[in-house]
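Chemist: Predicted structure and sequence below. I'll ask about it afterward.
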Amino acid sequence: MFTLIVPTYNSELYFNNLKNDLLSQTYKDFKCIFIDDCSTDNTIKLINDLISIDNRFTVLSSSKNTGSPSYARNLGIKLADTEWIIFIDDDDRFDCSLLQDAYNIITSNPNISGLSQSDGYHKTIHGHFYRKSIIDKYNIMFPTADDYSSMITSEVYPSRYAILEDLYFTQIYYSFAGYSEEIKNHVHHIVNKDSITKLNNSKQIPIYFRPELRKFSDKWIKYQIANYLYKYTDEFKVTKKLKEFL
């Protein structure tokens, strides 16, 4: 029914909370894919210990550190074989009824395209449930550093960042998704200073918060959304959506 995709990087201090939240789910029909970004602590050992006692969990390790959850999430999407996907960060906390509540809503409304904690449109991915069939049909992926490099020069763009990948993915998805429902705020996002998106150079800050680069990220997202809409929708829908985004 559900696949949880969890990028990890040096998650040792947070892993017990993550494991407990996963194992405490009252709805048991789920799979969980950990994608590790070359952790240097005991994260992999802790994941393997969990796998040894529960076959719902699997792990893959990146061949090199990417510094971005986009690569991990994209790989998780390709590996997922259930209809519904939810993305969880390694430092998130979530309630034991998260999957049960989602299951109840989905079975009561079989035609819905998504579930979200907020309005489901301009927000991040936290707490959202996505249909794998929609993601596959429109080839929706998280943008990576390579995607942005053609627009922002290497002199000003730190190549290890993915800019606003959550916002991009969610806006693209809900451009195609139809009927969606809200779900209770079960997922509680916590910022881990050593998370997968943290650079070794602590003087650098995420591109979204750099005023001189914000305009590039906003423009790039709108450009890509327009490309998707022109590719997959008719002219009327394109015009309507472009008025919302551009």
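Modeler: That came through, no problem. For clarity, every value in this text was computed on a predicted model and none was experimentally measured.
Chemist: so Leu75 makes contact with Ser61?
Modeler: No: in this structure Leu75 lies outside contact range of Ser61 using CB atoms under 8 Å: 10.5 Å. Yep, even glycine has a C-beta here, placed from its N, CA and C like the rest.
Chemist: who touches both of those two?
Modeler: Shared between the contact lists of Leu75 and Ser61 (criterion: CB atoms under 8 Å, 6 or more residues apart in numbering) are residues Ile35.
Chemist: Point out where this structure drops to low pLDDT.
Modeler: 118-124, 145-164, 185-186, 188-246 (pLDDT under 70).
Chemist: how about the helices in it?
Modeler: 12-23, 43-51, 69-79, 98-108, 132-137, 145-149, 165-176, 211-232, 235-245 (DSSP state H).
Chemist: Just the CA atoms of the second one, as CSV, please.
Modeler: Extracted C-alpha coordinates of helix 43-51, given in CSV (Å, rounded to 0.1, in the frame of the first residue of the first chain):
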residue,chain,number,x,y,z
THR,A,43,23.9,5.0,10.5
ILE,A,44,24.3,2.1,8.1
LYS,A,45,24.9,-0.3,11.0
LEU,A,46,21.7,0.9,12.7
ILE,A,47,19.7,0.5,9.5
ASN,A,48,21.1,-3.0,8.9
ASP,A,49,20.2,-4.0,12.5
LEU,A,50,16.7,-2.9,11.8
ILE,A,51,16.6,-4.9,8.5
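Chemist: Pretty sure Ser70 sits against Tyr168.
Modeler: No: judged on CB under 8 Å, Ser70 makes no contact with Tyr168 at a distance of 9.2 Å.
Chemist: Give the residues shared as contacts by those two.
Modeler: Joint contacts of Ser70 and Tyr168 (CB under 8 Å, 6+ apart) are Phe142, Pro143.
Chemist: Got the phi and psi for the nearest residue to Asp37 once chain neighbours are set aside?
Modeler: Using CB to CB, 6 or more residues apart in numbering and skipping the chain neighbours, the partner closest in space to Asp37 is Tyr9 (4.3 Å). The phi/psi pair for Tyr9 (degrees, to the nearest 10) reads phi -160, psi 120.
Chemist: pretty sure Leu115 is touching Ile183, no?
Modeler: Yes: if you go by CB under 8 Å, Leu115 and Ile183 touch, sitting 4.6 Å apart.
Chemist: what's the overlap in contacts for the two?
Modeler: Ala102, Ile105, Phe129.
Chemist: For these, pick the one with the most neighbours.
Modeler: Phe129 (27 neighbours; other CB atoms under 10 Å).
Chemist: how far away is the residue lying closest to Phe30 once chain neighbours are set aside from Leu50?
Modeler: Among residues not flanking Phe30 along the chain, Phe2 sits closest, at 4.2 Å (CB to CB, 6+ apart). Using CB to CB, to the nearest Å, Phe2 is found at 17 Å from Leu50.
Chemist: Could you do Ile125 as well?
Modeler: 23 Å.
Chemist: Which one's more surrounded, these two?
Modeler: Under the criterion of other CB under 10 Å, the comparison of Ile125 against Leu50 puts Ile125 first, with 26 against 19.
Chemist: ok, that one touching Asp166?
Modeler: Yes: taking contacts as CB under 8 Å, Ile125 lies within contact range of Asp166: 4.6 Å.
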